[in-house]
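Undergrad: kindly generate the corresponding structure for this input.
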Amino acid sequence: MDLKECIEKCLDNSSCTAYTNPNINGTGSGCAMWFGDLIDIKRFANSGQSLFIRMSASEIGTKAEPETKVVVAIVVSTIVVVAGLLVVGYYMYKSRTKLIDVVIELSGLRWTSSHELHEPAATWFVKHSATGSCDD
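TA: Model prediction:
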């Protein structure tokens, strides 16, 4: 009998409190079940056997539920903060790189150009071009 069959047998019997798959001959076959209270259970450091204790859901508790809520709250708040920072950064970028339309009239021809102001030299060029054409 393997561990899966041992689990099924223990679950079918309402008085089964624990079960294990003893590995006495190295094949991992067999099933050992406990009924009633577990008394004198000892832990051996060099032993590789596992004892599976059957418990009701009310005895286990709901510890995972608050942890899940905390993780969800942290993830949602992180996403909101990152999205807020991206929106603020986008508006700051847009305010620094305003587009200015420059209209220059040369001998009756009209020429329109858009310049992005990234450096003071571009500002000087636009102002110089605008004032230079008006001095004539």
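
Undergrad: tell me the secondary structure at the nearest residue to residue 52 once chain neighbours are set aside.
TA: Excluding its sequence neighbours, the residue lying closest to residue 52 (CB to CB, 6 or more residues apart in numbering) is residue 19, at 5.4 Å. C-beta here means a position set from N, CA and C on the backbone, and glycine is covered the same way. Secondary structure, DSSP: H, G, I helix; E, B strand; the rest coil: residue 19 is strand.

Undergrad: contacts only, for residue 19.
TA: Shown in contact with residue 19 (CB atoms under 8 Å, 6 or more residues apart in numbering): 6, 7, 9, 10, 31, 32, 33, 34, 51, 52, 54.

Undergrad: secondary structure and neighbour count added to these, as CSV?
TA: Listed next are the contacts of residue 19 as CSV, based on DSSP: H, G, I helix; E, B strand; the rest coil; neighbours: other CB atoms under 10 Å:
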residue, secondary structure, neighbour count
6, helix, 21
7, helix, 16
9, helix, 14
10, helix, 21
31, coil, 17
32, strand, 13
33, strand, 16
34, strand, 18
51, coil, 12
52, strand, 14
54, coil, 17
